[in-house]
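A.B. asks: pasting the sequence and the predicted coordinates here, then a few questions.
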Amino acid sequence: MTAISHHISDETLQDYAAGTLNHELEVVIACHLTLCPACRSRSAMAEAFGGAELSGCTPSPTTTSAADLLNRLDDAADSYSTEPPESTKPVVSGDGINQVPMPLQRLLPTTLDKLEWKRLAPGIKQHNLSDRHRKEGAFKLLNLSPGVVLSKHTHHDRELTLVLQGSYQDEIGRFKAGDIADFGDDVMHQPVVDTDKPCIALIATMSPVRYSGMFGRIIQPFVGI
Amino acid sequence: MLNVKSPKTKQSADEKTDREHKLHLGRQLVAVGLHRDRQAFTEVYDYYAGRVKSFLLGKGMNEDTAEELMQEIMLIVWRRAESYDPSKAAASTWIFTIARNRRIDYLRGNSRIEVELDDELLESETPERDQAQLVLDAQNAKRLEQAIEALPIEQRQVLHLSYFRGKSHGAIAAWLDLPVGTVKSRIRLATQSVRAQLIDTDRDDIL
């Protein structure tokens, strides 16, 4: 893996540490954190903020004491097994560039190279990861052919895009495998696939994207990023 | 309704005792993991149970549910204490993450997604250490708390709303009637100044 040049923002790491994001955004963040030790270290600091808030707060009165809790544990000891059974669902894993971080692989029926894609427009294919209605936001893999130019667009609230294979370029810079694009509604961008290999990216949003321009308005219902 | 302490100018004897007590609790948590030490657990419980309950009540959970979840969380602390590593995190941080994850399970019905430490793709630390690698162990936790206490009140408020009220930065902006950009910059300033202070303290220790 080459060095990562696009990271998660402080405010997104804080939201993740505080536990205020949805499941889909958590998957994208956990995948980036797997690949990026720098963001893992920043994420540990965001969690330490939570620890400091916890120890600095005023305690509420509780009705149970430690002794009550431990006694109850003794009573239940016979019927209690120490750990809940782990889910044993087997997870397939790809090789080389088709290997993806586990938080994503767990959601895929097969390896990245054998995935079924749905064609949306010339050079644009997707694999939907969610059965949510579009209004609730997108969660999908996008497979863009070399040379594809997406419509210029912005986002309502929040979108995370993690590049898994290939690369693209937009007004912000060049995004390669492992790079994450973390933008709010203040960024208008137009991604272009800039090598002769397809670009596969994982995308999650909190809410739908606004496209500008005629083609964008036509394909938006299908692409959804 | 905000529980934000005013910045401290000098360290009182009480605070010093409080910090030593928290370090002591970290050692007690290790003792729970090693020996199933009930007395040690009782000390950890007496300090954190009420705080965990405050954390749960902060998101608007009712009293009974908060009491019940608090007990579950403290039981997880008891059972998993052997996985607590004081060289990686303060006890307060470790307990915070357990409480946060259990709250997410309860509210959302599915588990929080995290890095899997046995993932073959897990990239290890960068050898050149280009980013300052902060050690957020139990010793450093007290410096972190001091650094947070010294933050301007508007930055502390954003941290409190985020970690305790469970609001995303967008929701905080709406709640405080501020532009999202202002909330983002407060988060960034708070993060940067705490990080800078911890790095400075590290350097002082070496010299």
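C.D. replies: The structure has been received and is ready for your questions.
A.B. asks: what is the mean pLDDT for the longest helix seen in chain B?
C.D. replies: Longest helix of chain B, by residue count under DSSP state H: helix B:180-206. Across helix B:180-206, pLDDT averages out at 82.
A.B. asks: and that helix, anywhere near chain A?
C.D. replies: Yes: residues of helix B:180-206 contacting chain A under C-beta under 8 Å from any C-beta of the partner chain: B:180, B:181, B:183, B:184, B:187, B:188, B:191, B:192, B:194, B:195. Quick note: C-beta positions are derived from backbone N, CA and C, even for glycine.
A.B. asks: check stretch B:79-86 too.
C.D. replies: Yes: for stretch B:79-86, a contact with chain A is found by C-beta under 8 Å from any C-beta, at residue B:79.
A.B. asks: start to end distance for that stretch?
C.D. replies: Terminal residues of stretch B:79-86 are spaced 16 Å apart (C-alpha to C-alpha, to the nearest Å).
A.B. asks: buried set for it?
C.D. replies: B:79, B:81, B:84, B:86 (16 or more other C-beta atoms under 10 Å in any protein chain shown).
A.B. asks: dump those to TSV, plus pLDDT and secondary structure.
C.D. replies: Below are the buried residues of stretch B:79-86 laid out as TSV (pLDDT from 0 to 100; DSSP: H, G, I helix; E, B strand; the rest coil):
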residue	pLDDT	secondary structure
B:79	94	helix
B:81	96	helix
B:84	94	coil
B:86	87	coil
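A.B. asks: nearest to chain A among those?
C.D. replies: Proximity of these to chain A (C-beta to the nearest C-beta) peaks at residue B:79, which lies at 6.6 Å.
A.B. asks: next one: the closest one from residue A:73, what distance?
C.D. replies: In this view, residue B:79 and residue A:73 are 9 Å apart by C-beta to C-beta, to the nearest Å.
A.B. asks: residue B:43 too?
C.D. replies: Taken as C-beta to C-beta, the span from residue B:43 to residue A:73 is 17 Å.
A.B. asks: looking at these two, which one has more neighbours?
C.D. replies: residue B:43 (19 against 13; other C-beta atoms under 10 Å in any protein chain shown).
A.B. asks: pull the contacting residues for the nearest residue to the more buried one once chain neighbours are set aside.
C.D. replies: In this structure, residue B:43 finds its nearest non-sequential neighbour in residue B:28, 5.0 Å apart by C-beta to C-beta, 6 or more residues apart in numbering or on different chains. For residue B:28, the contact set (C-beta atoms under 8 Å, 6 or more residues apart in numbering or on different chains) comprises B:37, B:40, B:41, B:43, B:44.
A.B. asks: which one of the residues you listed has the most neighbours?
C.D. replies: Counting by other C-beta under 10 Å, top hit in the contacts of residue B:28: residue B:44 with 24 neighbours.
A.B. asks: what pLDDT is listed against the nearest residue in space to residue A:152 that is not next to it in sequence?
C.D. replies: Spatial nearest neighbour of residue A:152, excluding adjacent residues (C-beta to C-beta, 6+ apart): residue A:190 at 4.3 Å. At residue A:190, the pLDDT value in this model is 89.
A.B. asks: neighbours around residue A:190, how many?
C.D. replies: Number of residues near residue A:190 (other C-beta under 10 Å) recorded here: 16.
A.B. asks: do residue B:150 as well
C.D. replies: Residue B:150 - counted by other C-beta under 10 Å - has 14 other residues nearby.
A.B. asks: and what of residue A:94?
C.D. replies: Residues lying near residue A:94 (other C-beta under 10 Å) number 16.
A.B. asks: surely it is within a strand?
C.D. replies: No: under DSSP: H, G, I helix; E, B strand; the rest coil, residue A:94 sits outside any strand and is assigned coil.
A.B. asks: quick one, what contacts it?
C.D. replies: Residue A:94 sits next to A:100, A:105, A:111, A:112, A:113 when contact means C-beta under 8 Å, 6+ apart.
A.B. asks: and the two most separated of those?
C.D. replies: A:105 and A:113 (12.6 Å; C-beta to C-beta).
A.B. asks: which one's more surrounded, these two?
C.D. replies: Counted by other C-beta under 10 Å, residue A:105 and residue A:113 do not tie: residue A:105 has more neighbours, with 21 against 12.
A.B. asks: so that one touches residue A:93, yeah?
C.D. replies: Yes: counting by C-beta atoms under 8 Å, residue A:105 touches residue A:93, with 6.0 Å between them.
A.B. asks: overlap in contacts, the two.
C.D. replies: Joint contacts of residue A:105 and residue A:93 (C-beta under 8 Å, 6+ apart) are residue A:99.
A.B. asks: show me the helices in chain A, by range?
C.D. replies: Under DSSP H, chain A gives helices at A:10-18, A:23-35, A:37-56, A:66-76, A:102-105, A:214-223.
A.B. asks: same thing with chain B?
C.D. replies: Taking DSSP H to define them, one finds helices in chain B at B:13-35, B:38-58, B:63-80, B:91-108, B:138-149, B:153-163, B:169-176, B:180-206.
A.B. asks: okay, the contacts of residue A:94 in TSV with distance to chain B and pLDDT next?
C.D. replies: Listed next are those as TSV, based on distance: C-beta to the nearest C-beta, whole Å; pLDDT from 0 to 100:
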residue	distance to chain B	pLDDT
A:100	7	96
A:105	9	95
A:111	13	93
A:112	12	92
A:113	16	92
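A.B. asks: remind me which residues of chain B are low pLDDT?
C.D. replies: Scanning chain B for pLDDT under 70 picks out B:1-13, B:15-16, B:125-135, B:138, B:201-207.
A.B. asks: quick one: contacts for the residue positioned nearest the centre of it?
C.D. replies: Centroid-nearest residue in chain B, with C-alpha atoms, centre = their mean: residue B:93, separated by 3.7 Å. Residue B:93 sits next to A:47, A:48, A:50, A:51, A:52, B:136, B:141 when contact means C-beta under 8 Å, 6+ apart.
A.B. asks: have a look at the residues you listed and tell me the least confident one.
C.D. replies: Note: of the contacts of residue B:93, the lowest pLDDT belongs to residue B:136, at 71.
A.B. asks: burial measure for residue 19, as a count.
C.D. replies: As the question left the chain open, I've gone with chain A. Around residue A:19 there are 23 residues (other C-beta under 10 Å).
A.B. asks: wrong one, I was asking about chain B
C.D. replies: Quick note: residue B:19 (other C-beta under 10 Å) scores 17 neighbours.
A.B. asks: likewise for residue B:140?
C.D. replies: If you count neighbours by other C-beta under 10 Å, residue B:140 ends up with 19.
A.B. asks: tell me the one of the contacts of residue B:28 nearest chain A?
C.D. replies: Among the contacts of residue B:28, residue B:41 lies closest to chain A (C-beta to the nearest C-beta), at 6.0 Å.
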